[in-house]
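In: need a 3D model of the following:
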Amino acid sequence: MSALLPCVEVDPPVRPRCAVIWLHGLGADGHDFEPIVPELGLPAELGVRFVFPHAPIIPVTLNMGMPMRAWYDIRQVDLRREHDAEGILRAAGQVRALIARETESGIPASRIVLAGFSQGGAIALFTGLRHPETLAGIVALSTYLVLEESLDAEAAPANRATPIFQAHGTADPMVAFERGAACRDALRARGYTVEWHDYPMPHAVHPREIADIGDFLRRRLATPGE
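Out: Sure, this is the predicted structure:
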C-alpha cells in the first residue's frame, strides 16, 4: 500500500457514517476546499467525514520545472497530450490508500465519494472508474480525462453504474470547456451515468455549483429510508 498522504480532515459532530475524499487542483493544497464543507448544507446526522489530502510537491514542466503541489506532471498546454502516466498511477495508488484507511475504520467503499477539482478531478475519475470496490459516487469539477486509451481495458465492473457528477465553467481559460464536454461525452458513450452541470464561470467554483454538489452528496450518501 502507498504511504498515506498528509490530509486536512473535517469530522462530523456524530460518528462518521460516510466519507468524501476531495482532491485539490494544481498548486493548491488540502485546505483549498475545506471552507466549502459548511456551504454544502449537509445535515449533521448524515455523518459525512471529509478528507482533503495534500498532493506531493513535485517539479512541474509547465511551471518551468519549479516544484509545486501536483498530482502529476503537466507537460503540455494541450491537455490531450503527453499525460504523465507514472505520476497518474502514483497518485491513484495514494488515493486508493486513503480509501483503504476509511474502509478499515468502518466506512464501506459504497459510502465513499471521490471528488476533485481540475487535476484532482482527473485523478478522482481515473481512480474511481478503475477501483475494484463499488463507490457511492464521483465528483469531477472543471476537469478532463487522462489516459483515456487505457480505460476500456482497466474499467472496474464494480463502478460501471456509479453516478458521476461533472461540472465545468463555460469561460474556463485553464481547462477549456470543450475538454470537460469531451470527457462527459466519452464517459456517456461508455455507458456511465454522468450528471452534467455547467456554470457561467472561469476555472473556479460557482455558488450554484456548491448547492448542486451538496444535493448530489445528500442523494448518494443518504441511507435507504432517509
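
In: surely Ile99 is within a helix?
Out: Yes - remark: Ile99 belongs to a helix, assigned using DSSP: H, G, I helix; E, B strand; the rest coil.

In: ok, now which ones touch it?
Out: Ile21, Ala109, Ile112, Leu114, His131, Glu133 (CB atoms under 8 Å, 6 or more residues apart in numbering). Where you see a C-beta, it was placed from the backbone N, CA and C, and this is true even at glycine.

In: export those residues as a markdown table, with columns for distance to Val77 and neighbour count.
Out: Output for the contacts of Ile99, formatted as a markdown table (distance: CB to CB, whole Å; neighbours: other CB atoms under 10 Å):
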| residue | distance to Val77 | neighbour count |
| --- | --- | --- |
| Ile21 | 29 | 25 |
| Ala109 | 36 | 19 |
| Ile112 | 33 | 26 |
| Leu114 | 27 | 32 |
| His131 | 30 | 22 |
| Glu133 | 36 | 15 |
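
In: name the nearest of those relative to Gly93.
Out: His131 (11.5 Å; CB to CB).

In: ok, the closest one to Val113 distance?
Out: Per CB to CB, to the nearest Å, His131 is found 12 Å from Val113.

In: my guess is Phe165 contacts Phe216, does it?
Out: Yes - in this structure Phe165 lies within contact range of Phe216 using CB atoms under 8 Å: 4.5 Å.

In: those two - which one has more neighbours?
Out: It is Phe165, of Phe165 and Phe216, that has more neighbours when counted by other CB atoms under 10 Å, with 24 against 21.

In: how about that one, phi and psi?
Out: Dihedral pair for Phe165: phi -100, psi 120, per degrees, to the nearest 10.

In: beta partners for it?
Out: Val139, Glu195 (DSSP bridges).

In: give the contact list for it.
Out: Applying CB under 8 Å, 6+ apart, the residues near Phe165 are Gly137, Ile138, Val139, Ala140, Glu195, His197, Asp212, Ile213, Phe216.

In: host element of Ser51?
Out: Slight slip there: residue 51 is Val, not Ser. strand 48-53 (DSSP states H and E).

In: test my guess that Ala97 contacts Val51.
Out: No - counting by CB under 8 Å, Ala97 does not reach Val51; the two are 11.3 Å apart.

In: who has more neighbours, those two?
Out: Neighbour count, other CB under 10 Å: between Ala97 and Val51, Val51 has more, with 23 against 15.

In: give me the neighbour count for Asn63.
Out: The burial count for Asn63: 14, using other CB under 10 Å.

In: repeat for Leu221
Out: Leu221, neighbours per other CB under 10 Å, totals 22.

In: how about the one helix or strand Ala182 maps to: buried residues?
Out: Assessed by DSSP H and E, Ala182 sits inside helix 177-189. For helix 177-189, a neighbour-count test (16 or more other CB atoms under 10 Å) marks Arg179, Gly180, Ala182, Cys183, Arg184, Leu187 as buried.

In: what helices or strands is it leaning on?
Out: strand 164-169, strand 194-199 (3 or more CB pairs under 8 Å, 6 or more residues apart in numbering; DSSP states H and E).

In: show me where the chain has helices.
Out: 85-104, 119-130, 151-154, 177-189, 207-221 (DSSP state H).
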